[in-house]
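>>> I'd like to go over a predicted model; first the sequence, then the structure.
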Amino acid sequence: MASSSRAMYHFKVVLLGNSGVGKSCLVNRFVKDTFSPDIESTIGAAFLTQTIALETETVKFEIWDTAGQERYRSLAPMYYRGAQAAVVVFSLVDAESFAGAKAWVNELQKHGGSDIVIALAGNKSDLSHVRKVDRDTAIEYARATGCFYLETSAKTAVGVNELFQQVARRVPKTAAPPRR
Ligand code: GDP
């Protein structure tokens, strides 16, 4: 099928998670395929777009990268409301950030849309020698809460495209009407 005749979906996706877990680096890896270790902290939220092709449709992501700092927390509902998907990020080398991710999942399940797709991303998988969050623990938590879990490295790119591909596949295609 020619790409011009594919159904085009627009999905709003929000990234949530503690400060420093790698949200901005993940978005940069996905959108620009770059990794800059000294990326500046996000203030409030940053917005980027990226389009990917699935087998029979094209998905344009409108990605909101929120700041993880506590002082911006009250702004989060503004970004996750109306979102088809949320990527909740924690760092595999920071156990506290996993607790933070659980709090976000909890909040999304209470206050996000009823069919919001929640992806749980364990980032910094390249730092396996200092890992603090066990893979099975994260899988079990995701299973129990109905999220899906993937491990990523914004640094090496492992899992990053797959994460967004999986999100695109899981969002019900009825949630956002196709635009051509
Ligand atoms: P944010 O506050 O969640 O947006 O986090 P950033 O994207 O600003 O990243 C915080 C720090 O973690 C930066 O110093 C990044 O270089 C580092 N970082 C982000 N992703 C990775 C990764 O996959 N592997 C490693 N080793 N470091 C990462």
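Sure thing, it's come through.

>>> Could you use CA atoms for every contact and neighbour count after this?
Noted.

>>> Can you name the residues that contact the residue nearest the centre of the chain?
In the chain, the residue lying closest to the centroid (C-alpha atoms, centre = their mean) is Val87, at 2.3 Å. Shown in contact with Val87 (C-alpha atoms under 8 Å, 6 or more residues apart in numbering): 13-16, 118-121.

>>> swap the cut-off to 7 Å and go again
Val87 makes contact with 14-16, 118-121, according to C-alpha atoms under 7 Å, 6 or more residues apart in numbering.

>>> Make CSV out of those residues and add secondary structure and pLDDT.
Converted to CSV, those look like this (DSSP: H, G, I helix; E, B strand; the rest coil; pLDDT from 0 to 100):
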residue, secondary structure, pLDDT
Val14, strand, 95
Leu15, strand, 96
Leu16, strand, 95
Ile118, strand, 98
Ala119, strand, 98
Leu120, strand, 98
Ala121, strand, 98
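
>>> Output those as JSON lines; include the columns distance to Phe98 and neighbour count.
What follows is these, written out as JSON lines (distance: C-alpha to C-alpha, whole Å; neighbours: other C-alpha atoms under 10 Å):
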{"residue": "Val14", "distance to Phe98": "18", "neighbour count": "25"}
{"residue": "Leu15", "distance to Phe98": "14", "neighbour count": "25"}
{"residue": "Leu16", "distance to Phe98": "12", "neighbour count": "28"}
{"residue": "Ile118", "distance to Phe98": "15", "neighbour count": "27"}
{"residue": "Ala119", "distance to Phe98": "13", "neighbour count": "24"}
{"residue": "Leu120", "distance to Phe98": "10", "neighbour count": "28"}
{"residue": "Ala121", "distance to Phe98": "10", "neighbour count": "29"}
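
>>> residue contacts, the closest residue to Gln84 other than its chain neighbours?
With C-alpha to C-alpha, 6 or more residues apart in numbering as the criterion, Gln84 has its nearest non-adjacent residue at 5.1 Å, and that residue is Ile116. By C-alpha under 7 Å, 6+ apart, the residues touching Ile116 are 83-85.
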